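In: Next one to model:
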Amino acid sequence: MKICIENLNAIIEKYQPLLISMANRFPIFDKNEAYIMARDMVFDIVLDFDSEKGSFGGYLKYRLYFYFLNECKKERVDSLNDRDMKGVEIIEKIEDDSSFDNDFVKSIEIEELFKAIKTLKKQEREILYLKYDKNLPHKEIARLLNLSTKSITNYHYNIVKKLRKYFENNDLI
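Out: Model prediction:
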């Protein structure tokens, strides 16, 4: 199989045991979150791969190992999923009557928003749908998608970041 972006899904499928193994190797991360991080890294790794320098499997393992090592060194911020003295998650206590997300969406034409959403992965679109159309909290979305609440929080943050970048790159904001 040729190592290129066109074969990305096949590459991820073929190397899934390695991705899972590397994700489980670093207990500082939630296993699902680490697997998602590893899977997302494959895109960059495929782009950087030079077949003249060795095998893809070895290169993938090397890059993932050092990626996770570097992530372990970063200072971990307290999670919004931590609980307060009453046992309520912090994220559930945040009110967003006038949130940036709502103002942002209102200021963009609907057609452009649909174009931006189409650039997202299927699971990211599902999370957006459940969060904004169904108004579900992160905890409920996590239950429905069989992911951790922290993963949903991270997904949401990255989705909003991707959408902002899309609009900035297309001079829409």
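In: secondary structure class for the residue of the chain most remote from its centre?
Out: In the chain, residue 52 marks the outermost C-alpha relative to the chain mean, sitting 31.0 Å out by CA atoms, centre = their mean. Recorded secondary structure, residue 52: helix (DSSP: H, G, I helix; E, B strand; the rest coil).
In: ok, it - contacts?
Out: Listed by CB atoms under 8 Å, 6 or more residues apart in numbering, residue 52 has no contact partners. The C-beta positions use only the backbone N, C-alpha and C, and glycine is treated the same way.
In: where's it relative to residue 44, distance?
Out: 19 Å (CB to CB, to the nearest Å).
In: residue ranges of the helices in this structure, please?
Out: Ranges of helices in the chain, per DSSP state H, are 8-14, 16-25, 31-48, 56-73, 90-93, 100-106, 110-118, 122-128, 138-145, 149-169.
In: Can you list the buried residues in the second one?
Out: Going by neighbour count (16 or more other CB atoms under 10 Å), the buried part of helix 16-25 is 19, 22-23.
In: Now do that helix and helix 31-48, the angle between them.
Out: Using axes from the mean of the first three to the mean of the last three CA atoms, to 10 degrees, the inter-axis angle of helix 16-25 relative to helix 31-48 is 130 degrees.
In: neighbouring contacts of helix 16-25?
Out: With contact meaning CB under 8 Å, 6+ apart, helix 16-25 is reached by 12, 29, 31, 34-35, 37-39, 42, 57, 60-61, 64-65, 68.
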